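S.K.: Quick one, what's the 3D model for this:
(2 chains)
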Amino acid sequence: MLQVAFIREHKEDVIKRLTKRNIDASQMIEEVITLDEERRQLQTQLDNTLAESNSISKEIGALYKSGKASEANVLKEKTTQLKDDSKTLNEQLNDKEEALNNLLYKIPNVPHISVPTGNTDEDNEEVFREGAIPTLHPNAKPHWELVKEYDIIDFELGTKIAGAGFPVYKGKGAKLQRALIAYFLDKNTAAGYNEVQVPHLVNEASALGTGQLPDKDGQMYHAANVDPSLYLIPTGEVPATNIYRGDLLTNTQLPQALTTYTPCFRVEAGSYGAHVRGLNRLHQFDKVEILRVEHPDRSYTALDEMVNHIKGILQELKLPYRILRLCGGDLGFTSALTYDFEVFSTAQDRWLEISSVSNFETFQANRLKLRFKNQDGKIQLCHTLNGSSLALPRVLAGILENYQTEDGIQIPEVLIPYTGFNKI
RNA sequence: GGAGAAUUGGCAGAGUGGUCGAAUGCGGCAGUCUUGAAAACUGUUGAGGGUCACACCUCCGGGGGUUCGAAUCCCUCAUUCUCCGCCA
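M.R.: So this is what the prediction gives:
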């Protein structure tokens, strides 16, 4: 969430920049400022009341010590009113803080200057494109047919076991997926990202910290029967980022770079139709994530580094891809700037999103209370960034479709050491 | 799941009703000494709110309570450790 002090000082600018998201935040911003003012007033009143009763308590202590119990009892009566007052003020203050926070939770991150204006994904700006789109043989098929033909992914079996959107990977399909995971993790660790394995369920505080709650409650699976505060992770970003929740890092501890492999669980309510066929949209899928905690001065350099890193992976996989800078209307709630990577699926004749790399600036760090001590000894919020490297099912779909030949599916060269076979 | 013990500042560890945001040690930072470093010595060293700056307020696992006053007493939840049970 945005910092109140920042809103206070850059009111007009915040409102103006939020219009890129096609929202008029002026009323909310005004309300934030009013609530904050009222909050501070109440805080001051409460502080004064407490100060008075503290000093009386000290007097009482001193009187008892010198044996003047009757004088002490007189003072005791004075504190009754103060106690009532402070109790009331405290309640008012809590209400005010809650109202302020609830409002702040509703305000999305301020888009970066380079974010294009626009409403839908059609307004996203293509900033890079690379890789030859292969010419396929006349009998080329979409992946959902290929996987059936070669018996490497079984959607019906997954439906039997769990439900639609929970595929079973079999034989060489399972091996290829495992190969991709290992390859991604190796690339990421070679680039300096520390590998971590994290819980696949998170508590409320964690989901709140990265911004899944309160806004996206319905999109997460909820383990409520066991513990109402437990959710299945929609992305490894949630547990991995929360490693740093509440931390106060030293200047020298920055940057932090992590990579993690996790399954991801998403409700995806009401998603049916051609665009969600096969591997295109699932309730459970695997993903390798990269994540950085950065000094504010370096975060956009870091974002470029992450983009370049993912480029490198796609170049090695020899997949045709493009990079989009998301427009204001398509930008995620918590993000200031996001680049999406899309692989061209030749057989489906469309682009598939396989990675999303974002700079959240201080938006998550503020909720997480993730700070560092700068060179002057001042405490500042860190910037957090993350990206997929990569989302497995769609990379898999891209490989199956782009690498298909009339007598089988080729395996990208870099993966052969991992799969142990070169053709399906 | 059952029984017992514990949770204090970056770490270790004192503190059982007032003068405790908290002794002491280690670590960190600055200085003295040194050609430099080490050692030694001296000083300094938690966070949040608030203020132009002070003052002041809050925080000793979380929440609630008792009291004029709580790190200290009570309730409750969480976590950790030990023993038992169960188990990949």
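S.K.: what about stretch A:343-350, how long is it end to end?
M.R.: Criterion C-alpha to C-alpha, to the nearest Å; first-to-last residue distance in stretch A:343-350 is 8 Å.
S.K.: hmm, who's touching that stretch?
M.R.: Stretch A:343-350 is contacted from outside by A:131, A:133-134, A:136, A:140-143, A:146, A:314, A:319-322, A:351-352, A:354, A:394-395, A:397-398, A:401-402, A:404, using C-beta atoms under 8 Å, 6 or more residues apart in numbering. For the C-beta atoms, the positions are set from N, CA and C on the backbone; glycine is no exception.
S.K.: mind running it again at 7 Å?
M.R.: A:133-134, A:136, A:140-143, A:319-321, A:351-352, A:354, A:394-395, A:397-398, A:401-402 (C-beta atoms under 7 Å, 6 or more residues apart in numbering).
S.K.: quick one, what contacts the nearest residue to A:Glu361 once chain neighbours are set aside?
M.R.: Distances taken as C-beta to C-beta, 6 or more residues apart in numbering put A:Ala336 closest to A:Glu361, at 4.7 Å, once the chain neighbours are dropped. Counting by C-beta under 7 Å, 6+ apart, A:Ala336 touches A:Asn109, A:Val110, A:Pro111, A:His112, A:Asn359, A:Phe360, A:Glu361, A:Phe363.
S.K.: Against RNA strand B, which of those make the cut? List them.
M.R.: The subset of the contacts of A:Ala336 within reach of RNA strand B, by C-beta under 7 Å from any atom of the strand, is empty.
S.K.: Let's have those residues in CSV, adding neighbour count, pLDDT and secondary structure.
M.R.: Output for the contacts of A:Ala336, formatted as CSV (neighbours: other C-beta atoms under 10 Å; pLDDT from 0 to 100; DSSP: H, G, I helix; E, B strand; the rest coil):
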residue, neighbour count, pLDDT, secondary structure
A:Asn109, 25, 94, coil
A:Val110, 23, 94, coil
A:Pro111, 22, 96, coil
A:His112, 19, 95, coil
A:Asn359, 25, 97, strand
A:Phe360, 27, 95, strand
A:Glu361, 25, 94, strand
A:Phe363, 26, 93, helix
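S.K.: closest to RNA strand B among the residues you listed?
M.R.: A:Phe363 (16.2 Å; C-beta to the nearest atom of the strand).
S.K.: Please name the residues that touch that closest one.
M.R.: A:Met1, A:Leu2, A:Asn109, A:Thr334, A:Ala336.
S.K.: now for those residues, which pair is the farthest apart?
M.R.: Across the contacts of A:Phe363, the longest distance by C-beta to C-beta is 12.8 Å; it joins A:Met1 and A:Ala336.
S.K.: residues from the stretch 51-200 of chain A in reach of RNA strand B?
M.R.: Residues of the stretch 51-200 of chain A lying near RNA strand B (C-beta under 7 Å from any atom of the strand): A:51, A:53-58, A:60-61, A:64, A:76, A:79-80, A:83.
S.K.: 6 Å instead?
M.R.: A:Ala51, A:Ser53, A:Asn54, A:Ile56, A:Ser57, A:Ile60, A:Gly61, A:Tyr64, A:Lys76, A:Thr79, A:Lys83 (C-beta under 6 Å from any atom of the strand).
S.K.: Give me the pLDDT value at the second one.
M.R.: Spelled out, it's A:Ser53. In this prediction, A:Ser53 carries a pLDDT score of 88.
S.K.: Pretty sure it sits against A:Thr79.
M.R.: Yes. With contacts counted by C-beta atoms under 7 Å, A:Ser53 reaches A:Thr79, the gap being 5.4 Å.
S.K.: Same drill for the two, tell me which one is more crowded.
M.R.: Higher neighbour count among A:Ser53 and A:Thr79: A:Ser53, with 18 against 15, using other C-beta atoms under 10 Å.
S.K.: in the host helix or strand of the more buried one, what counts as buried?
M.R.: Following DSSP states H and E, one finds A:Ser53 within helix A:26-65. Buried residues in helix A:26-65, counted by 16 or more other C-beta atoms under 10 Å: A:28-29, A:32, A:35-36, A:39, A:42, A:45-46, A:49-50, A:53, A:56, A:60, A:63.
S.K.: Stretch A:376-389 too?
M.R.: So for stretch A:376-389, counting by 16+ other C-beta under 10 Å, buried means A:Leu381, A:Cys382, A:His383, A:Thr384, A:Leu385, A:Asn386, A:Gly387, A:Ser388, A:Ser389.
S.K.: Closest approach to RNA strand B from the stretch 151-300 of chain A, which residue is it?
M.R.: Counting by C-beta to the nearest atom of the strand, the stretch 151-300 of chain A gets nearest RNA strand B through A:Leu248, at 6.2 Å.
S.K.: How much space separates the nearest residue in space to that residue that is not next to it in sequence from RNA strand B?
M.R.: Of all residues not flanking A:Leu248 in the chain, A:Arg371 sits nearest, at 5.1 Å (C-beta to C-beta, 6+ apart). For A:Arg371, the distance to RNA strand B equals 6 Å [C-beta to the nearest atom of the strand, to the nearest Å].
S.K.: per-residue pLDDT, A:Arg371?
M.R.: 88.
S.K.: Let me see the contact set for it.
M.R.: A:Arg371 neighbours (C-beta under 7 Å, 6+ apart): A:Leu248, A:Ile379, A:Gln380, A:Leu381, A:Cys382.
S.K.: Tell me which helix or strand A:Asp227 sits in.
M.R.: Using DSSP H and E, no helix or strand contains A:Asp227.
S.K.: and if you look at A:Gly387?
M.R.: Going by DSSP H and E, A:Gly387 is in strand A:383-391.
S.K.: on that earlier part again, of the contacts of stretch A:343-350, buried ones?
M.R.: A:134, A:136, A:140-143, A:319-321, A:351-352, A:354, A:394-395, A:397-398, A:401-402.
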